[in-house]
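> Starting from these lines, generate the structure:
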Amino acid sequence: MTDVNIFNDTPEMVFTKEHENLVKEGEKWIRTIAESCSITAALITTIVFAAAITVPGGSIQDKGIPVFKKQIAFTIFVASDAISLFSSVTALLVFLSIVSARFAEEDFLFHLPRQLILGLCTLFLSTTTMIVAFGATFFLVFTDHQLWMLAPICVLCFLPIAIYYYLQVPLILDLVRSTYTSRFGSSNLDSNEFDPNSIQFLVFGK
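As a prediction, this is how the structure comes out:
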């Protein structure tokens, strides 16, 4: 039998009333991230889709075969562009599902953090592979296949990836720790029961 207070409120009902603003702040925070990242994912999808249609160097008109088909850099471009396209579409769909979520209290325990982790990881993958595809295109079109140009291209490609990693990975790690680490006991991870304290830890941390 569930314990109730003098007002016939259960502990979960009391938490809901006392921390209503906390849930709203958590919803606002997650929704803002999802909306911003969905715009980024949509832009990446548009860019890499256009790059896939207009291959670097063009194609042989009578055959439709890409000019740089036999080049290793072209293979890197094709693989990176494909991965970037599929991962950015995945990220876009994940973030759109977050925006349209119901944001119930129990969703903050596992459902929303898992979606956010998946969206951020796929967005990072799409961004990284998009930059790699651009580097391969730059090498094919503008360097006349001079191998010494690989060094500055790699450095320039690594810079935005490192910045994104430095800014976003700590957030992803915090989400992973708060979602999968036994913060409130192993029984909470093995069951789907709602723990009110989990919302507070997800929004404000330790």
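
> neighbouring contacts of stretch 141-148?
Counting by C-beta atoms under 8 Å, 6 or more residues apart in numbering, stretch 141-148 makes contact with P56, G57, Q71, F139, M149, I153, all of which sit outside it. No exception for glycine: its C-beta is placed from N, CA and C like everyone else's.

> Next one: the nearest residue to the third one once chain neighbours are set aside, what pLDDT does it get?
Translated: Q71. Once flanking residues are discounted, Q71 sits nearest to L140: 6.3 Å by C-beta to C-beta, 6 or more residues apart in numbering. At L140 the predicted local distance difference test score is 82.

> Could you list which of the contacts of stretch 141-148 belong to helices?
In helices, defined here by DSSP state H, the members of the contacts of stretch 141-148 are F139, I153.

> among the contacts of stretch 141-148, who's most crowded?
F139 (25 neighbours; other C-beta atoms under 10 Å).

> from what I can see that one touches C154, true?
No: under the contact definition of C-beta atoms under 8 Å, F139 does not touch C154, with a separation of 9.7 Å.

> Point out where the chain drops to low pLDDT.
Counting by pLDDT under 70, the chain contains low-confidence ranges at 1-20, 58-60, 64, 67, 182-206.

> Centroid-nearest residue for it?
For the chain, L120 is the residue whose C-alpha lies nearest the centre (C-alpha atoms, centre = their mean; 1.7 Å).

> I'd like to know how far it sits from V176.
Note on L120: its distance to V176, by C-beta to C-beta, to the nearest Å, is 10 Å.

> before we move on, the earlier item: so which of the contacts of stretch 141-148 is the closest to L125?
Nearest to L125, judged by C-beta to C-beta, of the contacts of stretch 141-148 is I153 at 20.1 Å.

> Can you classify the nearest residue to the closest one once chain neighbours are set aside by secondary structure?
Computed as C-beta to C-beta, 6+ apart, the closest residue to I153 that is not its neighbour in sequence is G135, at 4.8 Å. In the three-state summary, G135 is assigned as helix, counting by DSSP: H, G, I helix; E, B strand; the rest coil.

> ok, back up a step: ok, so of the contacts of stretch 141-148, who is nearest T46?
For T46, the closest of the contacts of stretch 141-148 turns out to be P56, at 17.5 Å, with distances computed as C-beta to C-beta.

> The protein: helices as residue ranges?
Using DSSP H, the helices of the chain run over 11-18, 20-53, 72-99, 111-142, 150-180, 186-190, 196-204.

> Tell me what angle the third one forms with helix 111-142.
To tie it back to what came earlier, the one meant is helix 72-99. Put simply, helix 72-99 runs at 150 degrees to helix 111-142, going by axes from the mean of the first three to the mean of the last three C-alpha atoms, to 10 degrees.

> ok, now the second one?
Inter-element angle recorded for helix 20-53 and helix 111-142: 30 degrees (by the same axes, to 10 degrees).
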